[in-house]
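With the input below, show me the fold.
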Amino acid sequence: MYVFMRAMRNTHFEMRNTVLVSLFLASFWCTLCLAGYEALDHFHIEVSRAKLREGDSYNVTCWTDSLSALNQLCGAGGVQRLYMQVGRTNLTVSILNDTTIYHEMQSALPMHGRAFGYECLCDGASIVSTFFPVGVRLQVVDFSCRFEDAEFPAPFNCSFSRPPMSDTVDATANYTLQHDDRTVACQPVGQGLRMQCIGRLNNFQKAFNFTLRLHDQLGEQSQRFQLRREQMIVLERPGADFNVTSLNSSSICLEWSAKRSTNHIGYTIVWSKLLLNDNINNASVLWTDVKQATNRESVCLYRLPHPYQNYTIELQRRYNYSGAHLSPSFVYSFYTLPERPARPPRVWPNGYHIDPRQPNELHIYWQPLPQLEHNGPRFTYNVTVQRSSDPNQIIPAKVAVDSNEAVISDLELNSDSFTIVVRSQNSLGSSLNSSRIRIPWLLAPRRARRVPKNLDTGRRMGHLTWDPPEEQMLLSSYTVYWCSWNITDRSRCNEGLAIGSAEVERCSQCQYKPPAGLLIDAYKWAVSANYDGRDAFGSGGMSWLEWYHRPLMTSVVQSDHVHNIQGIIALIILGGFIYFLVRKVRYMSNIKVDLPEGLQSVVPAQTAVGQELPLLTPHMQQEQQQREERQKEHEQQTNLDARIHYPPVLYANFRPLDTLVPAQAQDYVRISKRAADLANPSGYICMQPTQPVKVTGYVSLP
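Numbers count the residues shown, from 1 in each chain. Just a heads-up that it's a prediction; the model follows:
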């Protein structure tokens, strides 16, 4: 017991000592903390200027008024251990004295008051910090104003771009614009920085003074502008109440009202006159100066290149002063008057083709006119046929005309030489000039000897090759032709596209490589032989490459024998399958069904008096069924209820057996006496069954 009490006293003593030590340490650290807080009170940070704006220079200074406080927080290093940060980024600082450092900023950036602050630190611990805003500076460089010369006093509209980040720095900032003694508020326009100020002014002043003001949390800024009348006025749109005073196939003259022309006396007006057609150079047309009469203005446009074309002109005007505003545009579209086509289509001397399979049909080819040269509505081509011996005689041949080809039928080409005359034509008539193609009088065999042979593109991919004609005396060169395929008929050229051509010198192994970008398998090709002018007969015309000889098909033909063998084998297999299938169907159609000897079941049927009679149906099972199944059916028949009553006459419709088997003695229905009625298998029978002692409704099989 004594030992226990002594141990307890020792424990209490140790606990008391621990508590006393803890209280001492807590008091010591509290004293240090209070001393630290007191030291922080001796540090300060401040900005050298108030109400800073973008672009201002300033200093941020950190100092202490107690050297002991500096030594207490920073140790023996003193002011050397002080530094500054902005957003955890160290700044360049300068030491002013033993207690002061500062950071110098040459050009301030706009920022919100709480965007970021300056901190003064020592050994990584923040001592003191400061936050201050930097406002935007009103420095507008794109201020502009305009007013329309339409009423007095005229409404003006001034606009400018507010400084970037103005909304971020101070969302409460607003702008006003003062002119004379009137001040108007400016409002944002759209999603950008553009501002707009609307008011009224005297539009006859020569100069206008404006004062733009910015109001924000830092105070007010202002900026002054002076604009001349020439810089602000927007002249009236030309073309009011206009009318066309002159119009032909190449020129137009317009006149319109100009009621406010007297408002611009003493000012020079500059006009902008444009022809808006993309395919016509403005330098090729001729504009007259705008003429001014009493309240009227007029202008003319000459040298329009194409008759019966739609043209669009645009007229604007402004004062002759740098930066003056253009008036709203006057845009007018019109058609020049039509006239005859200026020229016929261009033809090739040998640009014709005679198919040996159709010797009385002649194909003529030409270069179609572009749409700009049609010069009028209902444009087409006029093709006539003349005898070369009598140019005044027009042969009434049948002519079918397309945009780049004519087919002349019912023409006896072996009887005489002919001249084909081609003209352009529209609703006003045909072109004065014509293009002519001479078709020489050549018999078919001789004509065939004067055309290139064996046109091909398969041996050299990307090249057209041919063999020279048989008659090479006075042969000078070749002409190669190509045209896009007709979508519906690949033996013809596309009517909407021009036919291309190129000259090839005389050659023995002739070939032509199309220019870059011209795929040879995408075009239809032809070649004609050109003979010297001393030749009395001339060319045999064009020789066309058949469409199925193009490289795409040629590459397939090289391996066609393999595909043909595969196709033949597939056809043989398919034919054999069809043969055996037909035999199988025929065999199945001859299958006969042999019915068993007797009837399968008796089903109740309705009589005339409403009584139910059993309906006999043929037994459809095959004879090869197992004997056990037949025995089971027989046992089921014999166990039927004997109380079932059957009428003396039983009617049924069924297909009887072709071969009759005499009924057994145990059969309940006797059919032997009805055998004569079964001579016809498809007929019907009426059976007279006997009334057995026990009726099962089934026919027993042997």
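
quick one: T479 and G500 touch, right?
No: applying Cβ atoms under 8 Å as the test, T479 and G500 come out as separate, 10.8 Å apart. The way it works is simple: take the backbone N, C-alpha and C, and place the C-beta from them, glycine included.

who's more crowded, these two?
T479 (19 against 15; other Cβ atoms under 10 Å).

what are the bridge partners for the more buried one, then?
E503, S528 (DSSP bridges).

Show the model's pLDDT score for it.
Listed pLDDT for T479 reads 94.

what separates it from H103, distance-wise?
T479 is 87 Å from H103, where distance means Cβ to Cβ, to the nearest Å.

if I pick V527, what's in contact with it?
452, 455, 464, 466, 478-481, 510, 512, 542-543 (Cβ atoms under 8 Å, 6 or more residues apart in numbering).

Kindly indicate which of those residues lies nearest K398.
Closest approach between the contacts of V527 and K398, by Cβ to Cβ: M542, at 20.8 Å.

how about the closest one, what does it touch?
Residues near M542 by Cβ under 8 Å, 6+ apart: 350-353, 363, 365, 451, 481, 526-528.

what's N494 in contact with, if anything?
483-487.

any idea whether the residue nearest to L276 when sequence neighbours are not counted is helix, strand or coil?
The shortest distance from L276 to any non-neighbouring residue, by Cβ to Cβ, 6 or more residues apart in numbering, is to T312 (4.2 Å). Following DSSP: H, G, I helix; E, B strand; the rest coil, T312 is assigned to strand.

Show the contacting residues for T312.
275-277, 331-333.

Reformat those residues as CSV; add secondary structure.
Formatted as CSV, the contacts of T312 follow (three-state DSSP):
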residue, secondary structure
L275, strand
L276, coil
N277, coil
V331, strand
Y332, strand
S333, strand
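
Return the members of these classed as buried.
Buried members of the contacts of T312, counted by 16 or more other Cβ atoms under 10 Å: 275, 277.

Put together a markdown table for the contacts of T312, with pLDDT on each row.
A markdown table is the format used below for the contacts of T312 (pLDDT from 0 to 100):
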| residue | pLDDT |
| --- | --- |
| L275 | 95 |
| L276 | 94 |
| N277 | 91 |
| V331 | 97 |
| Y332 | 97 |
| S333 | 97 |
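
circling back: in ChimeraX, how would I select just the buried ones from the contacts of N494?
Written as a ChimeraX command, the selection of buried residues from those, which uses 16+ other Cβ under 10 Å, is:
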select :483,484,485,486
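
Please narrow the contacts of N494 to those residing in strands.
483-484 (DSSP state E).

give me the beta-bridge partners of the residue nearest to L276?
Beta-bridge partners for T312, by DSSP bridges, are S333.

can you tell me how far it sits from F242?
Taking Cβ to Cβ, one finds T312 at 15 Å from F242.

Then Q205?
For Q205 relative to F242 (Cβ to Cβ), the value is 31 Å.

CA atoms of stretch 107-116 as PDB?
In PDB, the C-alpha atoms belonging to stretch 107-116 read as follows (Å, rounded to 0.1, in the frame of the first residue of the first chain):
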ATOM      1  CA  SER A 107       4.400  52.500 -68.500                       C
ATOM      2  CA  ALA A 108       1.300  51.300 -66.600                       C
ATOM      3  CA  LEU A 109      -1.000  48.700 -68.100                       C
ATOM      4  CA  PRO A 110      -4.800  49.000 -67.500                       C
ATOM      5  CA  MET A 111      -6.000  46.700 -64.700                       C
ATOM      6  CA  HIS A 112      -8.900  46.300 -62.400                       C
ATOM      7  CA  GLY A 113      -8.400  47.400 -58.800                       C
ATOM      8  CA  ARG A 114      -8.400  43.800 -57.500                       C
ATOM      9  CA  ALA A 115      -6.800  42.200 -60.500                       C
ATOM     10  CA  PHE A 116      -3.400  41.800 -58.900                       C
END
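
quick one on the thing from earlier: quick check, nearest of the contacts of N494 to L193?
Out of those, the member with the shortest distance to L193 (by Cβ to Cβ) is S484, at 54.6 Å.

Please state the backbone phi and psi of the nearest residue to that closest one once chain neighbours are set aside?
Among residues not flanking S484 along the chain, N494 sits closest, at 4.0 Å (Cβ to Cβ, 6+ apart). N494 adopts backbone torsions of phi -70, psi 130, taken as degrees, to the nearest 10.

Next step: the contacts of M542 restricted to strands.
Short answer: these in strands (DSSP E) are 350-353, 363, 365, 481, 526-528.

Turn those residues into CSV, columns for distance to G575.
Shown next, in CSV, are these (distance: Cβ to Cβ, whole Å):
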residue, distance to G575
N350, 52
G351, 52
Y352, 50
H353, 44
H363, 45
Y365, 49
Y481, 47
A526, 44
V527, 46
S528, 49
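
Could you work out the most separated pair of these?
Most distant of the ones in strands among the contacts of M542, by Cβ to Cβ, are H363 and V527, 14.8 Å apart.

so how many other residues sit close to T211?
Neighbour number of T211 under other Cβ under 10 Å is 13.

Equivalent analysis for the one 10 residues further on, please.
Using other Cβ under 10 Å, Q221 is surrounded by 18 other residues.

Next: Q358.
If we define neighbours as other Cβ under 10 Å, then Q358 has 11 of them.

ok, now F43?
20.

Enumerate every residue touching it.
Neighbouring residues of F43 by Cβ under 8 Å, 6+ apart: 62-64, 69, 73, 120, 127-128.

ditto for Q80
Counting by Cβ under 8 Å, 6+ apart, Q80 has contacts I95.

Nearest to H215 among the contacts of N494?
Nearest to H215 among these, with distances taken as Cβ to Cβ, is S484, at 71.1 Å.

That closest one pairs with what?
Note on S484: beta-bridge partners by DSSP bridges are Y523.

Return the distance of it relative to R317.
48 Å.

In the stretch 551-700 of the chain, where is pLDDT below threshold?
551-563, 592-627, 630, 633-700 (pLDDT under 70).

please redo it, this time with the cut-off set to 80
Within the stretch 551-700 of the chain, the set of residues satisfying pLDDT under 80 comprises 551-564, 566, 586-700.

Spatially nearest residue to T380, not counting backbone neighbours?
Q425 (5.4 Å).

Helix, strand or coil: sort out the one you found for me.
strand.

lowest average confidence, helix or strand, in the chain?
helix 551-557 (a mean of 35; mean pLDDT, DSSP states H and E).

Could you give the separation of the very next helix or strand once past that helix from the chain centroid?
Sequence order places helix 560-589 as the next helix or strand after helix 551-557, per DSSP states H and E. In terms of Cα atoms, centre = their mean, to the nearest Å, the gap separating the centre of helix 560-589 from the centre of its chain is 49 Å.

For L227, give me the pLDDT.
95.

just checking, it touches C145?
Yes: counting by Cβ under 8 Å, L227 does reach C145; the two are 5.7 Å apart.

Now the common contact residues for these two.
208, 210.

Compare these two (neighbour count), which wins?
More neighbours surround C145 than the other of L227 and C145, with 21 against 18 (other Cβ under 10 Å).

Return the set of residues that bridge with that one.
C158.

hey, where'd the helices end up in the stretch 301-450 of the chain?
For the stretch 301-450 of the chain, the helices defined by DSSP state H, counting those that start in this stretch cover 444-448.

And the strands in it?
Remark: strands assigned in the stretch 301-450 of the chain by DSSP state E, counting those that start in this stretch are 310-319, 330-335, 346-354, 362-367, 380-387, 390-395, 398-401, 405-409, 418-426, 429-430, 435-439.

what about C62, which helix or strand?
Going by DSSP H and E, C62 is in strand 58-64.

And the contacts of that strand?
42-49, 52, 70, 82, 84, 93, 96, 99-105, 108, 118, 120, 127-128, 130.

Can you tell me which of those residues are classed as buried?
Among the contacts of strand 58-64, those classed as buried by 16+ other Cβ under 10 Å are 42-43, 45, 47, 52, 70, 82, 84, 93, 99-103, 105, 108, 118, 120, 127-128.
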